[in-house]
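K.L.:
predicted model, plus sequence, below.
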Amino acid sequence: MSKKRNHALKRKKSRVPQLLRIAAAAPPLSNLVVLLCLLLSGVAEGIGIASLIPLLAAAGDPAGANQSGLGKYVMTALDKVGLPHNLLILLVILIVAMIGKALLHMAAMRQVSHAVARVGTNMRMGLITALLDARWSFFVREPLGRFANAIGFDAMRASEAYSAVANFMAHVIQAAIYLGIAAAFSWKLAGFALAIGVVMMLSLSRFIVISRRNARKQTKRTTTMIGRLADVLVGLKPMKAMGRQARFAALFAKDIAAIHLSMRRQLSARHASKVLQEPVILICIGVGTYFAATLSTIPLAELLVMAVLLVKTVMVIGKVQEDLQAVSVAESGYWSIYDAIEDAKAAREETSVGRVPTLKKGIELRDVSMAFGPKRVIDHASLTIAAGEVTAVIGSSGAGKTTMVDLILGLHQPTSGQILIDGEPLSAIDVQKWRMMVGYVPQELLLYHDSIMANITLGEPSFSRADVERALRQAGAWDFVSALSDGVDHIVGERGGLLSGGQRQRIAMARALIHQPQLLILDEATSALDPKTEAEIVRNVRELSDQSGITVLSISHQPAWMTVADKILRIQDGVVTGETPSSLPKVASR
Ligand SMILES: Nc1ncnc2c1ncn2[C@@H]1O[C@H](COP(=O)(O)OP(=O)(O)OP(=O)(O)O)[C@@H](O)[C@H]1O
């Protein structure tokens, strides 16, 4: 069963605590303060309304002021604190309670605003941290658009979902307090208000289901579309060059039409629920008032108070229903980013444990096999890469060269066998520290839309401009960079698009050299260079190895590398064999 289906099923089984789980996205203390403020503001409002009832009753029927249940409570309370029974005192209590309620409500909503912003921020940070700590194999499987969408759109909707849940909590508390006041006035009134609320919520619950279903569809479709868009834009050049971009326009049109439909249905359900709420409430109140007025002998002033209480109570229950509707729209965004974080956390790799590595003797693969599913890529390979030497790796396309490098870096785990660094199993050393000793130029290199300087230092402030110049010289890039009007501050464009392929390779090489690594791994790192520039870089790297003892592992078919290598590893059908450079034709001299 797929992971996403699993998440959905688990959630389906536990629908009730879902609101609580969304509420738990904010820190517990913040939720506690919000609840406390809301409770106090509810109590203040209760006191205000309680004082309003005898006030209204006294205005309409001075004799009946003390007759209703609640009126009696108020009068008893006034007696207890030694206050006289008069209209002015009741008015003062009403004003103080209402101002207190407003202030407490504002304090609660201020906390809610902070918490709403914090939910989005925490989820964004949580996702970024989980992603950066995840195993490499996780990224190979997952469409990256999922995370781009989660960090932008879904995080925003997660905040909205929390906000809707906070409003839901506020209105539930308010509704409970109104019902309590109504019950103190007359239990029949409270029962009637509750009945109207239940009728309304049941009759409109279908719209919540429609909203939730369409919001989920919209989230899913948006994620697919953003993933597709990222892929298309990255590889747009060949598509445009071949005039084949129109097919993608049709695919996007389909995604956009599906999103449009989901949005339309969500909005219609939301509006229908809102619009139908009013007639349902008014019809119920009308019917109730008709029977109360015709069948009972309740005095008009009391009837007026009951009507005010009833309308207020039912209106708040209506707001609870609206909040549930809002949660149903926003929660798919919340769950989408929540699942992305959980999936990335499940793929977490423990890197900073184990012994501190050294690279004085070399790297050894001892009877290592590696398979992707049923496909075996490395087959019982045993080999050594001596420290301080230049080792070239050759083999046909798809033979497993990059996989072997990934194993050495701990990016993949071998199916069987051991990888040893200076005799220590890779599984027992601190992989993070091991990787920090490595300079790596991948086959599919990527420059960021930033300056040459930033692309080389990757934002690490401890590197000086002199360090950058040294790395650029070693990578054979200093001549062209120093000739640029803005030198190392030159912006390289999207994915380095303002530079040539060979220039990009040299910037990537400088990035790998700036931290003076002990192991330099080059995966077809000079494939885009002309023979002269390539020969210059190969010579630089060889000199670097001779002078500083750096170990070099270069995957390359270029003769320039093979002729400077101390050792050549050939991979064929998963089998690795070692060769000496002298067994290969010499093209360039060392
Ligand atoms: N993450 C993966 N999941 C499944 N199969 C994979 C994965 N990575 C690589 N492979 C497969 O493993 C085989 C070896 O791939 P690898 O990238 O190591 O080859 P290579 O020798 O570096 O090829 P090239 O010279 O073309 O870059 C290929 O058949 C490839 O399809």
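P.N.:
Good, I have the coordinates.
K.L.:
what about the residue in the stretch 1-150 of the chain that the ligand sits nearest to, which helix or strand?
P.N.:
Using C-beta to the nearest ligand atom, residue 140 is the residue of the stretch 1-150 of the chain that sits closest to the ligand, at 4.2 Å. Backbone N, C-alpha and C define where each C-beta goes, glycine included. Using DSSP states H and E, residue 140 maps to helix 136-141.
K.L.:
give me the contacts around that helix.
P.N.:
For helix 136-141, the external contacting residues (C-beta atoms under 8 Å, 6 or more residues apart in numbering) are 343, 344, 347, 406, 411, 412.
K.L.:
any idea how far the closest residue to the third one other than its chain neighbours lies from residue 498?
P.N.:
In other words, residue 347. In space, and not counting its chain neighbours, residue 347 is closest to residue 138: 3.7 Å by C-beta to C-beta, 6 or more residues apart in numbering. Remark: distance between residue 138 and residue 498 (C-beta to C-beta, to the nearest Å) = 32 Å.
K.L.:
ok, those two, which is more surrounded?
P.N.:
residue 138 (17 against 14; other C-beta atoms under 10 Å).
K.L.:
roughly how far does the spatially closest residue to residue 488 that is not a sequence neighbour sit from residue 511?
P.N.:
In space, and not counting its chain neighbours, residue 488 is closest to residue 453: 4.2 Å by C-beta to C-beta, 6+ apart. Separation of residue 453 from residue 511 (C-beta to C-beta): 11 Å.
K.L.:
neighbour count winner among the two?
P.N.:
Neighbour count, other C-beta under 10 Å: between residue 453 and residue 511, residue 511 has more, with 23 against 18.
K.L.:
immediately after the helix holding residue 140, which helix or strand?
P.N.:
That would be, after helix 136-141 and using DSSP H and E, helix 144-149.
K.L.:
so where's the stretch 251-400 of the chain shaky on pLDDT?
P.N.:
295-303, 352 (pLDDT under 70).
K.L.:
can you give me the strands for it?
P.N.:
362-372, 375-386, 390-395 (DSSP state E, counting those that start in this stretch).
K.L.:
any idea which of those is most buried?
P.N.:
strand 390-395 (a mean of 24; mean count of other C-beta atoms under 10 Å).
K.L.:
and that one, which strands flank it?
P.N.:
When pairs are called by DSSP bridges, strand 390-395 turns out to pair with strand 551-555 (parallel), strand 567-572 (parallel).
K.L.:
could you identify the helix or strand that succeeds the last one?
P.N.:
So the one you mean is strand 567-572. Next along from strand 567-572, by DSSP H and E: strand 575-579.
K.L.:
and the angle from that next one to strand 362-372?
P.N.:
Orientation note: strand 575-579 sits at an angle of 150 degrees relative to strand 362-372 (axes from the mean of the first three to the mean of the last three C-alpha atoms, to 10 degrees).
K.L.:
so strand 575-579 versus strand 375-386, what angle?
P.N.:
Using the same axes, to 10 degrees: strand 575-579 against strand 375-386 is 30 degrees.
K.L.:
number of nearby residues for the nearest residue to residue 411 once chain neighbours are set aside?
P.N.:
Spatially, and ignoring its direct neighbours in sequence, residue 411 is nearest to residue 136 (4.0 Å; C-beta to C-beta, 6+ apart). Residues within reach of residue 136, counting by other C-beta under 10 Å, total 13.
K.L.:
repeat for the one 4 residues further on
P.N.:
Using other C-beta under 10 Å, residue 140 has 10 neighbouring residues.
K.L.:
could you report the separation of residue 157 from residue 267?
P.N.:
Taking C-beta to C-beta, one finds residue 157 at 15 Å from residue 267.
K.L.:
now do residue 200
P.N.:
20 Å.
K.L.:
cool, and residue 503?
P.N.:
50 Å.
K.L.:
of the two, who's got more company?
P.N.:
Neighbours were counted for residue 503 and for residue 267 using other C-beta under 10 Å; residue 503 has more, 20 against 13.
K.L.:
and the more buried one, what helix or strand is that in?
P.N.:
Per DSSP H and E: helix 501-513 holds residue 503.
K.L.:
packing partners for that helix?
P.N.:
Packing partners of helix 501-513 (3 or more C-beta pairs under 8 Å, 6 or more residues apart in numbering; DSSP states H and E): strand 438-441, helix 452-457, helix 465-474, strand 519-523, helix 531-548.
K.L.:
buried ones in that helix, by neighbour count?
P.N.:
502, 503, 504, 505, 506, 507, 508, 509, 510, 511, 512, 513 (16 or more other C-beta atoms under 10 Å).
K.L.:
okay if I get these as a markdown table plus distance to residue 519 and pLDDT?
P.N.:
Below are the buried residues of helix 501-513 laid out as a markdown table (distance: C-beta to C-beta, whole Å; pLDDT from 0 to 100):
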| residue | distance to residue 519 | pLDDT |
| --- | --- | --- |
| 502 | 24 | 82 |
| 503 | 25 | 88 |
| 504 | 22 | 88 |
| 505 | 19 | 86 |
| 506 | 20 | 89 |
| 507 | 20 | 92 |
| 508 | 16 | 91 |
| 509 | 14 | 90 |
| 510 | 17 | 93 |
| 511 | 15 | 94 |
| 512 | 10 | 93 |
| 513 | 12 | 93 |
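K.L.:
just give me the closest of these to the ligand.
P.N.:
Once C-beta to the nearest ligand atom is applied, the member of these that ends up nearest the ligand is residue 505, at 15.1 Å.
K.L.:
which elements pack onto the helix ranked longest in the chain?
P.N.:
The longest helix of the chain (DSSP state H) is helix 246-295. If you count contacts as 3+ C-beta pairs under 8 Å, 6+ apart, helix 246-295 packs onto helix 187-234, helix 300-346.
K.L.:
if we compare the ones you listed, which one ends up closest to residue 391?
P.N.:
Nearest of the helices and strands packed on helix 246-295 to residue 391, taken as C-beta to C-beta: helix 187-234 at 32.2 Å.
K.L.:
now the closest one: how far from the chain's centre is it?
P.N.:
Here the centre of helix 187-234 is set off from its chain's centre by 21 Å, with C-alpha atoms, centre = their mean, to the nearest Å.
K.L.:
mean confidence score for that helix?
P.N.:
For helix 187-234, mean pLDDT rounds to 84.
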